[in-house]
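Undergrad: One predicted model, sequence on top.
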Amino acid sequence: MDEIEAFLTGRIWLRDHTPFQKEDIDTRINDGRIRTIPGITGRQCARCREKDPRLIAEFACSRCGKNCFYCRHCLNMGRVSSCTELITWANPSSSGGHLHSFVWNGTLTAAQQKASDELLASFHKKEDHLIYAVCGAGKTELLFPPIFDALATGKRVCLAAPRTDVVLELAPRLKAAFPDTVIHALYGGAPKEAGFAQLILATTHQLYRFEDAFDVMIVDEADAFPYTADKTLQRAVQKAKKQGAPVAYVTATPSRKLLRSIKNQSHIFRRYHGHPLPEPVYRPLWNYRKAFRKGRVPPKLKSWVEDNAARGRPFLLFLPTVELIDETIPYFQAIHPGIRAVHAEDPDRKENVLKLRRGEIPGLVTSTILERGITIRNVQVAVVGADEAIFTPSALIQIAGRVGRAADCPAGDVVLFHNGISRRMDEVRHLIRSYNKGGAPS
Ligand SMILES: [Zn+2]
Ligand SMILES: [Zn+2]
């Protein structure tokens, strides 16, 4: 397999924006090895399949000198317009035959093993499967045996997650478990990788660039924003996999729709270390915005921060808006100069999370961006304004799920500072209590 074939197999890519020489692409188009596809057909984007007329816009095109349509929906991956072409490898050869190995010294709990076996059985039957498992149940490890089975039988596997943080967290673990497998991690701004990857780890957004590519598709954190909010991303999952290929959904907070629509399900309501999930504690913080506006951190919140900093317990403090983070970070730094703010567009985000993990800084003030995929030993969490709409039940479950993941530190604070207890907060506490009793929520 040459490097162009390796790259274009299962991919749908803008002809003018490949990492290869134009002549090499043209030769392969002329001899039929590469197939071309018009960018927009019948006012539908061929890459992301968008056809909403508000998103397929007409413009005076300088490229062809005519009026063209272009897709606004996937514009940030390079413009797809009526006069551009997408390319894909015309007749993908079988990628099997490569030897894979599986290196993992852990053991699965009985519950993990059962779910892992059930998932494998669904893959063999080519049926969809839902893994409904609480935060800290060890979801990733139970995926290893079914992934290895698929790789060893020559299948191409995709593990998709809605967020870059989750992809970054998973990549080294998968590379360690499957050391002989070519694995690519794809997300916005990821470094370029070469060769044919039989295992792809990608943000759901990157799936727009694949078509009929995967024999097995796993969608991790299937409930996370933006996946649930964006129908086109769900469409991307369907488009990226081969027809009839099974999809596994893995989540701690499945939607009713997922619970109803998937026949094969495995449920794990216990953490791998056997300790219960920490239950949220409510603490009123009346008029906290007013206090912040006066340049003060409310006393109850201040003493929570001081206490954790003094005892060397790393903490995550979640605020409802980015503006509030920017406004208040100086006040938190007045309590301890090492405290850092972290939000979505922050270039230092990875670095600050690492510093917290290494114990170099006491805590982070953050937005819901850090709710998932972050595992820090002995971390304590608090939410300010837990009653605000941004803190959905699944966000609160994920935030609470950061705490007590390590077997030697199975407990910790989950403090919900509020301006009045919301139904969502009660819903979450009820859910966590019912998990701890070992039952499905009622
Ligand atoms: Zn598009
Ligand atoms: Zn044009």
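TA: Nice, I can see it. Ligands and ions are numbered 1, 2, ... in the order given.

Undergrad: And the contacts of the least confident helix or strand in the chain by mean pLDDT?
TA: Ranked by mean pLDDT, DSSP states H and E, the weakest helix or strand in the chain is helix 231-240, scoring a mean of 84. Residues outside helix 231-240 that contact it (Cβ atoms under 8 Å, 6 or more residues apart in numbering): 10, 48-50, 73, 158, 160, 162, 204-205, 207-208, 210-211, 213-214, 217, 219, 226-227, 247. In this view, the C-beta of every residue, glycine as well, is placed from N, C-alpha and C.

Undergrad: Walking through the chain, point out its helices one by one.
TA: Secondary structure of the chain (DSSP state H): helices located at 3-8, 22-30, 110-124, 139-152, 164-177, 231-240, 256-261, 288-293, 299-310, 322-335, 349-357, 393-400, 423-436.

Undergrad: Pull the CA coordinates from the first one and hand them back as PDB.
TA: Read that as helix 3-8. Only the C-alpha atoms of helix 3-8 are listed here, as PDB (Å, rounded to 0.1, in the frame of the first residue of the first chain):
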ATOM      1  CA  GLU A   3       1.300   6.300   1.300                       C
ATOM      2  CA  ILE A   4      -1.400   7.900  -0.900                       C
ATOM      3  CA  GLU A   5      -3.600   4.800  -0.800                       C
ATOM      4  CA  ALA A   6      -3.000   4.500   3.000                       C
ATOM      5  CA  PHE A   7      -4.100   8.000   3.500                       C
ATOM      6  CA  LEU A   8      -7.100   8.000   1.200                       C
END
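
Undergrad: quick one: pLDDT of the residue lying farthest from the centre of the chain?
TA: In the chain, counting by Cα atoms, centre = their mean, Gly65 sits farthest out from the average C-alpha position, at 40.6 Å. Gly65 carries a pLDDT value of 93.

Undergrad: Please tell me how far it sits from ligand 1.
TA: 22 Å (Cβ to the ion, to the nearest Å).

Undergrad: I'd like the distance between that residue and ligand 2.
TA: The gap separating Gly65 from ligand 2 is 7 Å, by Cβ to the ion.

Undergrad: Over to Ala121?
TA: 50 Å.

Undergrad: same deal with Ala46?
TA: 15 Å.

Undergrad: Close to ligand 1: what parts of the chain are there?
TA: Residues of the chain lying near ligand 1 by Cβ under 5 Å from the ion: 45, 47-48, 50, 71, 73-74.

Undergrad: top of those by neighbour count?
TA: Cys71 (28 neighbours; other Cβ atoms under 10 Å).

Undergrad: Identify the residues contacting Pro421.
TA: Residue 421: Ile, not Pro. Contacts of Ile421 (Cβ under 8 Å, 6+ apart): 282, 387.

Undergrad: got the phi/psi numbers for it?
TA: phi -70, psi 130 (degrees, to the nearest 10).

Undergrad: so Pro298 touches Leu285, yeah?
TA: Yes - in this structure, Pro298 is within contact of Leu285 by Cβ atoms under 8 Å, at 5.4 Å.

Undergrad: who's more crowded, the two?
TA: Using other Cβ under 10 Å as the criterion, Pro298 and Leu285 rank with Leu285 on top: 22 against 18.

Undergrad: quick one: the more buried one and Arg173, what's the gap?
TA: In this structure, Leu285 and Arg173 are 37 Å apart, going by Cβ to Cβ, to the nearest Å.

Undergrad: can you list the residues of the chain near ligand 2?
TA: 61, 63-64, 68, 83.

Undergrad: rerun that using 8 Å as the cut-off
TA: When proximity is defined as Cβ under 8 Å from the ion, the chain approaches ligand 2 at 61-68, 81-84.

Undergrad: For ligand 1, state which of those is nearest.
TA: Ser81 (9.9 Å; Cβ to the ion).

Undergrad: Would you pull up the residue in the stretch 201-350 of the chain closest to ligand 2?
TA: Closest point on the stretch 201-350 of the chain to ligand 2, by Cβ to the ion, is Tyr208, at 20.6 Å.
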